[in-house]
Structure formats: C-alpha cells, structure tokens
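>>> how would this look folded up:
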Amino acid sequence: MPNLRSVGPTRLPPDRALRRALPSSAGARQSVLVQINREENPNGDVVGFVRDVPGYPRYKYAGDGAKGEHHLVIKGVTLQDDGEYQCQVGPTSNASAIWAAANLTVLVSPGSISIGGLGDGEKLEVKAGQRLTLDCVVRDARPAPSVTWYRSGLRLDSALHEEKVFRSSQGRRWSVRSSLRLIPSSEDDERQYSCRALHPALEGSPTSLVASVVLSVLHPPRLPEILGYRTGEVLMEGERRLLTCMADSGNPRSVVEWKRHGRPTGMVQDDPGWKMTLTPSGGYFYDHQEGRHILNMTQEVTATRQEDSAVYECRVYSKLLMLPLSANVTLTVHYGTLYGPLTVAPGLVFSITCITSLV
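Residues are numbered from 1 along each chain as shown. Got it, this is the predicted structure:
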C-alpha cells in the first residue's frame, strides 16, 4: 500500500493560472508522473514523466528537479481542467512508491436566475389565505449554487424554503431550485419577494444575481370608520364639521360612497396613481397613503335645524363582497327661534319668546 499524502481541494475561476506544489519527497533520481482523473475519464489521463508535459501546451513543470521540486503549472484554467490531480513517484531500490492527490474545482458563476419564469419585478396576483409556492431557479454553475430569500429587503429564515440541486444541461455544471412556501395575507400586498444566488465565484463581486416579484394579494376591505363626529354629540346651529370616512381599500381597490338619509352625496374610487383626488363637487376627497391603501373621503356638514337627526352613512363597495360594508352617524343639532316685535317705541314694555329644540 503506497503512502498517501492528501492535498485539499483547490477552487479557481476559469482563465487563471494554477501553480500546485507536488510532493517534495521525490528524489532527484526518481521518476515523477502526473495523472489527471477527470469526470469524463475517471481512470485518469497521464500527463507524463517529462517536465515539458507533451500534449498539454498549457501545462508545465516548475521548480528545480534536482532538488526534488516538481510543481505543476496550468495557464489559462478552463472547465476542462477540473478534476483530481495525482503526483506519483516511482519506487527505487531503497524506497517504495508514493503519491498524493489534489482536487481542482474550476468556479463557474451562475448563468441565470428567475422566479417561476416571471420577469424581474413582475407582479404576481394571488388570493389572501391561499397557499403559494415561489420557485427560484439558479442555473448552470460549478459548484452547485445556493439561494437566500428576502421579503421587502429583510432576509427570511432558511427553514422557510427548500433547495434541490439538479444537473445542468451544460456539462460539469449544476442548477438549484429553491421553493419558498407562503400563505399570503393582506400585509403581503405590494410586498417584494426576492431571491439571491450565493456562489463562491460571486464573492467579492460588485454585482449580485437577484430576481424578484411583487405580490398583488386579493383581499376584501375592512369595516370603515367615521371620524369627526360621534352619534350623541351635540352640534350648535351654524357649527361646521368635517366627517371623514376612513376605509381600508382592499385589493382590488374599493369604491367609497357617502349617503344622507339613503341618498348619495358623492362617490370616489381608489386610484393608486394619485395621492389625492378631488371630486367634481369639490367637497369630497381621498388620501391614498402609500403602503397602507387607506381611503379618506370627507363630507362637510353645516349644522342647521334640517340636519337635526340626519343620518350620514359611509359605504365601501368591493368586487370581493356581495354586500357593501358601512358605518353611520346620526346628527344632533340644537337650535333656537326668537319670537317678538321687530320694532318698539321708546318706553314701551315688550316680550320676546325663545323656542329651542331642547325638550
């Protein structure tokens, strides 16, 4: 059994020179043989005993052979140079044969990355509560790449996704499929999910290999809320109030409507392209708060005796709802009426009667 001196694996990008020191224990009069075991020829290609390495123009020996230095230099490393290299020293009358091996892995950066075959940054429509699997595929790398996932720039736990490595259609290369399983909620609407390729050839690179999608999560709106007045609050005649209907828009975007005693006073539909839109009447508007999809629609009210007991209702319509969601308030207005003469002569006694809405 020959003595074995193991040498760790070497990783090198293509087109780089490799200088590997072979065992210095070879004597000056001993023969040194280099053998390469490649993937397509596991039995090995013999480079030879001669130091100029005939048949391998990019290979040469370096070092002083008289001192037992036998270094193998490869210029312009290519993927074909990937494999195991053995230095074998023949036996002599007073020494047995020895050999050592070194593995050379030529780094090939991934060729592409994509999520589910979608374009980078493309929107993906899903329903809230429905299971979703995002498949990120990184192709044609050596050694096999790996993947990390992000949600809106925050790294996700690796336990949330599963990787499967498979052989590439291009020789000596590998691809990986990373599957991220989700149950999207309304909080995932408009959120970006991205995957990033991890590979030794990309380390230290100023650029990264990333693919992303933006989720469009279909979900109904929540119950609206009316701000600016509470039922039971007393308004004095002539007082002005702004009633604001605040509603979660949902996805698809909702329609908001104000009604007074069941009759529409104005309507507005959420438009993500605008931050604020004024209706033609000028009295109703909504404020599209980015990232929250909140609709604010305001109804201006002046307290008059006609507004006493008036019912104002805010309704929210959505394609995902069979019936609209609503909230309402009932106004209470206190007012008074003075009865008496319009003019009186000096020194006369007169009376004035005040009739109010108070019972």
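
>>> Show me what residue 104 is bridged to.
residue 10, residue 83 (DSSP bridges).

>>> show me what contacts the residue nearest the centre of the chain?
Note on the chain: the residue nearest the mean C-alpha position is residue 193, at 2.0 Å, using Cα atoms, centre = their mean. Taking Cβ atoms under 8 Å, 6 or more residues apart in numbering as the criterion, residue 193 is in contact with 115, 134, 149-151, 180, 182, 212-215. (Glycine included, C-beta is placed from N, CA and C.)

>>> For the host helix or strand of residue 298, buried residues please.
In this assignment (DSSP states H and E), residue 298 forms part of strand 294-302. Across strand 294-302, burial judged by 16 or more other Cβ atoms under 10 Å covers 294-299, 301.

>>> do stretch 77-93 as well
77, 81-89.

>>> Over to stretch 135-145?
136-145.

>>> Centre of the chain to it, how far?
Centroid separation for stretch 135-145 versus its chain: 19 Å, with Cα atoms, centre = their mean, to the nearest Å.

>>> just stretch 162-179 next, same as before
Using Cα atoms, centre = their mean, the offset of stretch 162-179 from its chain centre is 22 Å.

>>> Quick check: residue 244 touching residue 256?
No. Taking contacts as Cβ atoms under 8 Å, residue 244 lies outside contact range of residue 256: 10.9 Å.

>>> So between these two, which is more surrounded?
Neighbour tally, residue 244 and residue 256, criterion other Cβ atoms under 10 Å: the higher count belongs to residue 256, 26 against 18.

>>> quick one: the more buried one and residue 262, what's the gap?
16 Å (Cβ to Cβ, to the nearest Å).

>>> in the sheet, who's paired with the residue nearest to residue 144 when sequence neighbours are not counted?
The shortest distance from residue 144 to any non-neighbouring residue, by Cβ to Cβ, 6 or more residues apart in numbering, is to residue 174 (3.8 Å). Counting by DSSP bridges, residue 174 is bridged to residue 141, residue 167.

>>> Report the contact partners of residue 174.
140-145, 165-168.

>>> ok, how many other residues are close to residue 306?
10.

>>> Which pLDDT value belongs to it?
The score at residue 306 is 90. That number is its pLDDT.

>>> For residue 187, give me phi and psi.
phi -70, psi -20 (degrees, to the nearest 10).

>>> measure it to residue 124 for me?
16 Å.

>>> Would you mind telling me which of the two has the busier surroundings?
Neighbours per residue, other Cβ under 10 Å: of residue 187 and residue 124, the larger number sits with residue 124, 16 against 10.

>>> Confirm the more buried one sits in a strand?
Yes. Checked against DSSP: H, G, I helix; E, B strand; the rest coil, residue 124 lies within a strand.

>>> show me the contacts for it.
Contacts of residue 124 by Cβ under 8 Å, 6+ apart are 116, 118, 213-216.

>>> okay if I get those as JSON lines plus secondary structure, neighbour count and pLDDT?
Converted to JSON lines, the contacts of residue 124 look like this (DSSP: H, G, I helix; E, B strand; the rest coil; neighbours: other Cβ atoms under 10 Å; pLDDT from 0 to 100):
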{"residue": "116", "secondary structure": "coil", "neighbour count": "13", "pLDDT": "90"}
{"residue": "118", "secondary structure": "strand", "neighbour count": "15", "pLDDT": "89"}
{"residue": "213", "secondary structure": "strand", "neighbour count": "22", "pLDDT": "97"}
{"residue": "214", "secondary structure": "strand", "neighbour count": "17", "pLDDT": "96"}
{"residue": "215", "secondary structure": "strand", "neighbour count": "20", "pLDDT": "95"}
{"residue": "216", "secondary structure": "strand", "neighbour count": "16", "pLDDT": "94"}
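
>>> Distance to residue 323 added to those, as JSON lines?
What follows is these, written out as JSON lines (distance: Cβ to Cβ, whole Å):
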{"residue": "116", "distance to residue 323": "36"}
{"residue": "118", "distance to residue 323": "35"}
{"residue": "213", "distance to residue 323": "33"}
{"residue": "214", "distance to residue 323": "31"}
{"residue": "215", "distance to residue 323": "27"}
{"residue": "216", "distance to residue 323": "24"}
